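Student: have a look; sequence and predicted model below, questions after that.
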Amino acid sequence: MAGADLLAVRDLRVRYAGAPRPALAGLDIDVAAGECVALVGPSGCGKSTLCRTILDLLPDGARWSGSIRWEGRELAADRRFWHGLRGRGVGLVLQDHRHSLDPVRRVGAQVAEVLRRHRRDVRRRDLPAAVAALLGEVRLPDPERLMRRYPHQLSGGQRQRVCLAAALAAQPRLLLADEPTTALDLIVQQEIVDLLADLVRRRRLGLLLVTHDRELVPLIADRIVEVASGAGESVARGAEPPSRGDPAAPVCLAGRGLAVAVRDGARWRPIVHPIDLTLRTGWALGLAGESGAGKTTLARALAGWLPLASGSLSVAGAATEPAAAGRRAVQLVSQDPAAALDPRQPALAAVVEAARAAGDAPAAARERALALFAEVDLDVELARRRPHALSGGQRQRVQLARALAARPRVLVADEPASSLDSARRDRLLELLRRAQRQHGLALLLISHDLALLERWCDEVAVLLDGHLVELFRPGLVDGPRHPFATDLAAAAPANLARRATGGPLLPIRPATDPRSTAGGCPYAHRCRLVQPACRAALPPLRESAPGHHLRCPEVDRQAR
């Protein structure tokens, strides 16, 4: 049972400087100790604004009115009280994990800083063990090694879990979790939801869960508060997915034996093991996998941001070069547009700059930028706004327009819709496919959501621990068959909500296991079909049926 209210918000209204409409217009919400309240609404409706207002973290020029009470005490009456409230009173986990972590400090030092500031009971010599315990609590593998890394050496999902560990370090009584599962694959998303539910029960922690994903809510929430759109952005439901691409279309991108490694201390650590990729003009290839599988690393290597450890890559028949002109052929649309866009640069200026870099004269570059604004459904009134004054969907469309301004041959979209509600997600994917067809591009679409990729892509590849374990064509075969891929599909929130019975939703299995046999199948320690041969050697990728390549002989054997 929930206890007395920790937080009570009444008639909260927030308006940003220069905004024509309020970000929040009269919101009421209560959160008690030991309960989870889900704040649900579409992207841009003001959910994140509520979290920042509660902690007095609104940007300069923003104004709010109404009542915010902490344990019955009116916070607006004593602004100094907020300084003591942040941390041990209220912890905050933001969805923009890139901005939450210091890029020049190791993640262990950042979690330790929270412990030093708020936990006088933890002695300095015990800090490393306490940090490792927190990282382990949020299901991060090998925490002793991970705490020595910098944020850029982690996947998006790993960075987000570090932010959760830092928020928990101060032992807050109320946790504001702003889209905490946005960047996580479905299996890890389930683990985090189960972890948050356990924290609410075990610590009697109050939890305000901010989410646009209504399918997550039945798994954890005691109560739901609906928020209508405060930003006033109208969104039409996207059209049906496009028809399948032509498998005989010209090859636009060909990669052979592509491998990527990163420096880890004194040695190079492989992230992506040799794989072959082929993208055709007008063709969309989906890339699925769990957090840390190497999807973003591969995307950066294709775009020329990271060097290849081995293999060859050609675009439109020409080998790519490290020069800027060669890199423009492959444009990356990042999962984090707030980090990808210059915070000081107006939206239209970012698109004009890309057009100028592609060779357009100043007047032609502006004209092309305005045309691309219209193409990606951005109102011209947004042209002078900076990224912080745009919604997540608007920032993502600015990033898409900027990528198209460079006149690429290939678009690589890395989780482009992970932070959007379903309506805006479908709309953005429709824009991507429409731009792909209009400009004659190949598209690599990266997502944790296998069902989404099957719906929108011509071919789907599944990556596990840097290895390509399955490649299939939706419509030609009946979905994925590799044990990891089927587990990933089964972990979708809609499936879990139907099966939830009050305990752990599925057995919690670590993403990596140092005890697993080197050189074997990376899923052997989690697989329900594991055989001794799976631990001894990595199975080859074989064509098990027309249009279906699989790295699991046991699945093939059972099918026969």
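Tutor: Arrived safely.

Student: quick one: pLDDT of residue 189?
Tutor: Per-residue pLDDT puts residue 189 at 76.

Student: same deal with the one 4 residues further on?
Tutor: The model reports residue 193 with a pLDDT of 82.

Student: how about it, what does it touch?
Tutor: 181, 216, 219, 220, 505 (Cβ atoms under 8 Å, 6 or more residues apart in numbering). Where C-beta positions appear, they are placed from N, C-alpha and C, glycine not excepted.

Student: those residues in helices, which ones?
Tutor: With helices taken from DSSP state H, there is no overlap with the contacts of residue 193.

Student: from the residues you listed, pick the one nearest residue 342.
Tutor: Among those, residue 181 lies closest to residue 342 (Cβ to Cβ), at 28.1 Å.

Student: correct me, but that closest one touches residue 192?
Tutor: Yes. Residue 181 lies in contact with residue 192 (Cβ atoms under 8 Å); the separation is 5.5 Å.

Student: those two: which is more packed in?
Tutor: Legend: neighbour count by other Cβ atoms under 10 Å for residue 181 and residue 192, higher for residue 181 (25 against 21).

Student: against residue 344, how distant is the more buried one?
Tutor: From residue 181 across to residue 344, the span is 31 Å (Cβ to Cβ, to the nearest Å).

Student: go on, residue 553?
Tutor: From residue 553 to residue 344 the distance is 55 Å (Cβ to Cβ).

Student: who has more neighbours, the two?
Tutor: Ranked by neighbour count (other Cβ under 10 Å), residue 553 and residue 344 place residue 553 first, with 16 against 8.

Student: count of neighbours near the residue nearest to that one when sequence neighbours are not counted?
Tutor: Distance criterion Cβ to Cβ, 6 or more residues apart in numbering; nearest residue to residue 553, sequence neighbours excluded, is residue 539 at 5.4 Å. Counted with other Cβ under 10 Å, the neighbours of residue 539 add up to 19.

Student: in three-state terms, label residue 539 for me.
Tutor: Recorded secondary structure, residue 539: coil (DSSP: H, G, I helix; E, B strand; the rest coil).

Student: got the contact list for the helix or strand where residue 273 lies?
Tutor: Following DSSP states H and E, one finds residue 273 within strand 267-280. The contact list for strand 267-280 (Cβ under 8 Å, 6+ apart) reads 245-247, 249-263, 285, 294, 297-298, 301, 309-311, 410, 442-444, 461, 463, 466-468.

Student: distance of residue 288 relative to residue 484?
Tutor: Relative to residue 484, residue 288 is positioned 10 Å away (Cβ to Cβ).

Student: overlap in contacts, those two.
Tutor: residue 462.

Student: more neighbours: which of those two?
Tutor: Each of residue 288 and residue 484 has its neighbours counted (other Cβ under 10 Å); residue 288 has more, 30 against 26.

Student: residues contacting that one?
Tutor: Shown in contact with residue 288 (Cβ under 8 Å, 6+ apart): 295, 446-450, 453, 460-463, 485, 488.

Student: in ChimeraX, how would I select just the buried ones from the contacts of strand 267-280?
Tutor: A single ChimeraX command selects the buried members of the contacts of strand 267-280 (16 or more other Cβ atoms under 10 Å):
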select :245,252,253,254,255,258,259,260,261,285,294,297,298,301,309,311,410,442,443,444,461,463,466,467,468
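
Student: now intersect the contacts of strand 267-280 with the strands, please.
Tutor: Applying DSSP state E to the contacts of strand 267-280, the entries found in strands are 251-263, 285, 310-311, 410, 442-444, 461, 463, 467-468.

Student: got the phi/psi numbers for residue 25?
Tutor: phi -130, psi 80 (degrees, to the nearest 10).

Student: how far away is it from residue 65?
Tutor: Applying Cβ to Cβ, the value for residue 25 to residue 65 is 11 Å.

Student: so which of those two has more stuff around it?
Tutor: Between residue 25 and residue 65, residue 25 has the larger neighbour count (other Cβ under 10 Å), namely 17 against 12.

Student: who's that one bridged to?
Tutor: residue 13 (DSSP bridges).

Student: so it versus residue 18, what's the distance?
Tutor: 17 Å.

Student: identify the contacts common to residue 25 and residue 65.
Tutor: Common contacts of residue 25 and residue 65 (Cβ under 8 Å, 6+ apart): residue 13.

Student: pull out the buried positions in stretch 523-530.
Tutor: Quick answer for stretch 523-530 (16+ other Cβ under 10 Å): 523, 524, 525, 526, 527, 530.

Student: start to end distance for that stretch?
Tutor: Counting by Cα to Cα, to the nearest Å, you get 8 Å between the two ends of stretch 523-530.

Student: got the contact list for the closest residue to residue 540 other than its chain neighbours?
Tutor: Closest residue to residue 540 apart from its sequence neighbours, by Cβ to Cβ, 6+ apart: residue 551 at 6.8 Å. By Cβ under 8 Å, 6+ apart, the residues touching residue 551 are 467, 468, 469, 470, 482, 521, 538, 539, 540, 541, 542.
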